[in-house]
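# All I have is the shape, not the residue letters:
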């Protein structure tokens with residue numbers, strides 16, 4: 001569990017995992033890829049965050065098709 005993050009499935013994305021944060025994206029094939037931790041370290045609550053401390057709650061319970 002990583003605070004200030006969320007994960008959701010999306011059927012037509014270009015890779016197994018797509019990390020997204022404020023205009024940046026990295027696509028990886030596995031959660032074990034070293035770039036996952038690097039991305040989280042750089043972008044979770046980073047200086048580019050428009051609302052520091054805001055939770056990732058209030059999302060939709062439906063998955064886009």
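All right, it came through fine. Not measured: the values here are computed from a predicted model.

# where along the protein do the strands fall?
Using DSSP state E, the strands of the chain run over 17-21, 24-28.

# mind giving me a markdown table with these and columns for distance to residue 47?
The C-beta positions use only the backbone N, C-alpha and C, and glycine is treated the same way. Compiled in a markdown table, the strands of the chain are given as follows (distance: least, Cβ to Cβ, whole Å):
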| stretch | distance to residue 47 |
| --- | --- |
| strand 17-21 | 12 |
| strand 24-28 | 13 |
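
# Let's have those strands in TSV, adding mean pLDDT.
Formatted as TSV, the strands of the chain follow (pLDDT from 0 to 100):
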stretch	mean pLDDT
strand 17-21	90
strand 24-28	91
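
# what about stretch 16-34, start to end distance?
Using Cα to Cα, to the nearest Å, one end of stretch 16-34 lies 15 Å from the other.

# Show me which residues of it are buried.
In terms of neighbour count (16 or more other Cβ atoms under 10 Å), stretch 16-34 has its buried residues at 19, 21, 26, 28, 33.

# can you pull the contacts of the nearest residue to the last one once chain neighbours are set aside?
If the residues on either side of it in the chain are set aside, residue 33 comes closest to residue 17, at 7.7 Å by Cβ to Cβ, 6 or more residues apart in numbering. Residue 17 is in contact with 27, 28, 29, 30, 31, 33, 36, counting by Cβ atoms under 8 Å, 6 or more residues apart in numbering.

# Which among the strands of the chain is found nearest to residue 49?
In terms of Cβ to Cβ, the element of the strands of the chain nearest to residue 49 is strand 17-21, at 8.2 Å.

# now the angle from the closest one to strand 24-28?
170 degrees (axes from the mean of the first three to the mean of the last three Cα atoms, to 10 degrees).

# nearest to residue 8, of the buried residues of stretch 16-34?
When these are compared for distance to residue 8 (Cβ to Cβ), residue 19 wins out at 12.4 Å.

# Would you confirm that that closest one contacts residue 26?
Yes. With contact defined as Cβ atoms under 8 Å, residue 19 reaches residue 26; the gap is 4.6 Å.
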